[in-house]
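Participant: Following is a predicted model, sequence given first.
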Amino acid sequence: MSVPVLMDKAIVRHVIRSEGDKTEARRLLTTNKDLSNNMPINSIVAELVGINSFTDESVEGEQRVACIPLLSSHISMPLKRGEAVWLISFQEKSTQGFNYFWISRVHGSIDTEDTNFTAPNRMPTSVAAGSNRAYSKSQRIENEFNIAEFPRFDNFIEGPNGDRFFILQTNRNPESELNRVIRQNRMVLEPVPRYFKNEDELVLQGSNNTLIAFKTFDGYSANRSWEEDQNISYSSLSKTTKQNDGFIDIVVGRSRFNDLPSSRNFFDINDSNKYPETYTTSSFRTCYPTIINSLGAYENNKNFEGFTETPRESNQEGSPDFNHDASRLCLSENRNLDNFFNINNNIFNNLNTRLPLKQNIASIVCKSDNVRIIARQNIFNNDNISERSNSSLLLLKEGTYPESFIQRGTQSYIYQDELGNVAIDGTKIVLGNSLRISENNGDGNQVFIGEEDESSQPMVLGNTLQATLDNLCQQFIDFIEIFNGHGHASTSAIGSAANPGVVGQTANSTTEVTNAINDIKNNLITIQSKMGKLKWTN
């Protein structure tokens, strides 16, 4: 037998985030206060307001009930104090258990829906009834038409009979009260781009510009320079019909270089001289216009046309921008993503290595300003913790294992073991780029083995050293032959005053050797590398 289900709207008064929140829940509940002891995490205290224009005569005023999430804890939906929420309950009410289950926040209109915070008392920014649309914004301000046309928050909901249902505890300063609620929610109000999904996508959005999209591939390539891209308008994205093109896009900080208004005073919106300072007209790349609201915070100007009475230039608000978005992790089923992230063989220059050219290949790309891969120290095993960590890190490129000098294999890896040893292996290992070479021998400052300090010494070039030593050895041989060819049994033959002619003849014969050895000495610097240095210790 089916059970009759009732649906209600309510205002969130309190959210259970920890054990300490249950005391406040007990204070707020008007019925079944003991339920506060059993409210699980992400339960709420909600004040019923009905579903008929937010007011329902059948709903008792200031009735605050305990609500648990309809969905299990596997999916924990965001919900904040001050937002409106959908509830379901059953006609038969229990006096001992939970009777109300919350589904999700109530969706806002085109100009109020915001993933950060969408209060039920949000008022739209559309042109008010009776205002003359022929006037420009400044003319309407001067003629006092629609002078409150900015994203604002009112403290009441007006029912069909004109009654007002007050949302906040006081009506003295609604903006101040809302700011208090926002602080209690520990929220950060910031402009967040909307995401325009395709029909086949599943999208999960967090409150502060965080998003996971399950889709097929699309996105603007990073293959462009920053200077050229400052004021460029991206063309529309078009999805390609391709088999096995599953794509998961995990991203934070879309459109992060968006412009913000220069004024934080929302009263300036009603000043014909200052209102241009309260909003932006960003339309380049994937950025979007922003505006100051009545809380003195910035938000997405979702109704730009209604506010300015001018059409917005074409832009691609919130679309995937592989060049400028803050942090992204992409998983592609069957697409080589290198080209979209400006990864090409030019980055290797003359290092004699290359990227795979195959286009239909599974790929994972991680991009951010800072990227870290960490294998934590195993703190659960304290045996010899100073000697080993029982954790490791392996960066492995699968391939054939080397078996001989001929079959060198295609596998390569960088491995950090539990003792802190680092092993690197590959068909070829290249350190450094010849374009970073120093001008002088011995000044190499790209590759350091050991440390870089005053005791670092230049690396030695093997071939140059061998050639120098070969030349030096040949000069020794030449000297010995000259010496032997002019030698005599008498000691006078090697330089006594009794035979000065022999001494002069030997000296003249060794001049070329002396000059050659001096040349070698003067060019010993060429043995030292222009690329790197070694740490020297006693």
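Facilitator: Sure, I can see it. Numbering: from 1, shown residues only.
Participant: if I pick residue 458, what's in contact with it?
Facilitator: For residue 458, the contacting residues are 441, 442, 443, 444, 528, 529, 532, 533, 534, by Cβ atoms under 8 Å, 6 or more residues apart in numbering. The way it works is simple: take the backbone N, C-alpha and C, and place the C-beta from them, glycine included.
Participant: what secondary structure does it sit in?
Facilitator: Secondary structure state of residue 458, per DSSP: H, G, I helix; E, B strand; the rest coil, is strand.
Participant: Give me the number of neighbouring residues for the closest residue to it other than its chain neighbours.
Facilitator: With Cβ to Cβ, 6 or more residues apart in numbering as the measure, residue 528 is the residue that lies nearest to residue 458, at 3.6 Å, once sequence neighbours are left out. The tally of other residues near residue 528 (other Cβ atoms under 10 Å) stands at 19.
Participant: Report the beta-bridge partner residues of the residue nearest the centre of the chain.
Facilitator: Closest residue to the average C-alpha location of the chain: residue 327 at 1.7 Å, with Cα atoms, centre = their mean. Taking DSSP bridges as the rule, residue 327 bridges to residue 252.
Participant: And the pLDDT for it?
Facilitator: Predicted confidence (pLDDT) for residue 327: 97.
Participant: The one 5 residues further on too?
Facilitator: At residue 332 the predicted local confidence, pLDDT, stands at 95.
Participant: do the one 5 residues further on as well
Facilitator: Confidence per residue is given as pLDDT, and for residue 337 that number is 91.
Participant: quick one, what contacts it?
Facilitator: Under the criterion of Cβ under 8 Å, 6+ apart, the contact list for residue 337 reads 330, 343, 363, 365.
Participant: Flag the least confident of these.
Facilitator: residue 343 (86).
Participant: I figured it hits residue 363, correct?
Facilitator: No. Under the contact definition of Cβ atoms under 8 Å, residue 343 does not touch residue 363, with a separation of 10.0 Å.
Participant: Domains in the chain, by residue range?
Facilitator: 5-105, 189-370, 373-430, 432-538 (automatic domain parsing).
Participant: ok, the residue nearest to residue 367 when sequence neighbours are not counted to residue 467 distance?
Facilitator: Once flanking residues are discounted, residue 367 sits nearest to residue 328: 5.1 Å by Cβ to Cβ, 6+ apart. As defined by Cβ to Cβ, to the nearest Å, residue 328 lies at a distance of 51 Å from residue 467.
Participant: The two: which is more packed in?
Facilitator: Here residue 328 and residue 467 are set side by side on neighbour count (other Cβ under 10 Å), and the busier one is residue 328, at 21 against 14.
Participant: May I have the residues that are in contact with the more buried one?
Facilitator: 249, 250, 251, 252, 320, 322, 365, 366, 367, 368.
Participant: likewise residue 362?
Facilitator: When contacts are counted by Cβ under 8 Å, 6+ apart, residue 362 touches 332, 333, 334.
Participant: among those, who's most crowded?
Facilitator: In terms of neighbours by other Cβ under 10 Å, those top out with residue 332 at 21 neighbours.
Participant: The residue nearest to that one when sequence neighbours are not counted: neighbouring residues, count only.
Facilitator: On the basis of Cβ to Cβ, 6+ apart, the spatially nearest residue to residue 332 that is not a chain neighbour turns out to be residue 363, at 4.7 Å. Each residue near residue 363 was counted by other Cβ under 10 Å, and the total is 17.
Participant: Test my guess that residue 363 contacts residue 338.
Facilitator: Yes. The pair residue 363 and residue 338 qualifies as a contact (Cβ under 8 Å) at a distance of 7.5 Å.
Participant: show me where this protein has helices.
Facilitator: Shown for the chain, the helices assigned by DSSP state H span residues 22-28, 137-142, 174-184, 304-308, 462-485, 500-509, 511-522.
Participant: any low-confidence regions in this structure?
Facilitator: The chain contains residues with pLDDT under 70 at 1-3, 52-61, 123-149, 155-174, 224-231, 350, 379-387, 486-508, 538.
Participant: Could you tell me the end-to-end distance of stretch 388-395?
Facilitator: Start and end residues of stretch 388-395 are separated by 20 Å (Cα to Cα, to the nearest Å).
Participant: If you count neighbours, what's buried in that stretch?
Facilitator: Judged by neighbour count using 16 or more other Cβ atoms under 10 Å, the buried positions of stretch 388-395 are residue 389.
Participant: Touching it from outside, list them.
Facilitator: If you take Cβ under 8 Å, 6+ apart as the criterion, stretch 388-395 is touched by 373-378, 381, 413-420.
Participant: ok, now stretch 74-81?
Facilitator: Contacts of stretch 74-81 (Cβ under 8 Å, 6+ apart): 12-15, 41-42, 44, 69, 71, 85, 102, 104-105, 117, 181, 184-185, 187, 206-207.
Participant: Return the closest of the contacts of residue 362 with respect to residue 212.
Facilitator: Using Cβ to Cβ, residue 332 is the member of those that lies nearest residue 212, at 14.7 Å.
Participant: beta partners for the closest one?
Facilitator: Where residue 332 sits in a bridge, its partners, by DSSP bridges, are residue 247, residue 363.
Participant: Could you measure from it over to residue 290?
Facilitator: For residue 332, the distance to residue 290 equals 32 Å [Cβ to Cβ].
Participant: likewise residue 21?
Facilitator: To residue 290, residue 21 is 33 Å away according to Cβ to Cβ.
Participant: Give me the more crowded residue out of these two.
Facilitator: Looking at residue 21 and residue 290 with other Cβ under 10 Å, you find the greater number of neighbours at residue 290, namely 23 against 16.
Participant: Now do the contacts for the nearest residue to the more buried one once chain neighbours are set aside.
Facilitator: Spatial nearest neighbour of residue 290, excluding adjacent residues (Cβ to Cβ, 6+ apart): residue 191 at 4.7 Å. For residue 191, the contact set (Cβ under 8 Å, 6+ apart) comprises 258, 260, 288, 290, 298, 299, 300.
Participant: Please check these and keep the buried ones.
Facilitator: Members of those that pass the buried threshold by neighbour count (16+ other Cβ under 10 Å) are listed as 258, 288, 290, 298, 299, 300.
Participant: which strand in the chain runs the most residues?
Facilitator: What stands out as the longest strand in the chain, according to DSSP state E, is strand 5-15.
Participant: Which one of the helices of the chain lies nearest to residue 237?
Facilitator: Evaluated over the helices of the chain, closeness to residue 237 peaks at helix 304-308, with 20.4 Å, by Cβ to Cβ.
Participant: Need the CA coordinates for that closest one. CSV is fine.
Facilitator: The C-alpha trace of helix 304-308 is given here as CSV (Å, rounded to 0.1, in the frame of the first residue of the first chain):
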residue,chain,number,x,y,z
PHE,A,304,23.6,41.8,-17.5
GLU,A,305,21.1,42.7,-20.2
GLY,A,306,18.3,43.5,-17.7
PHE,A,307,20.6,45.7,-15.6
THR,A,308,22.4,47.7,-18.4
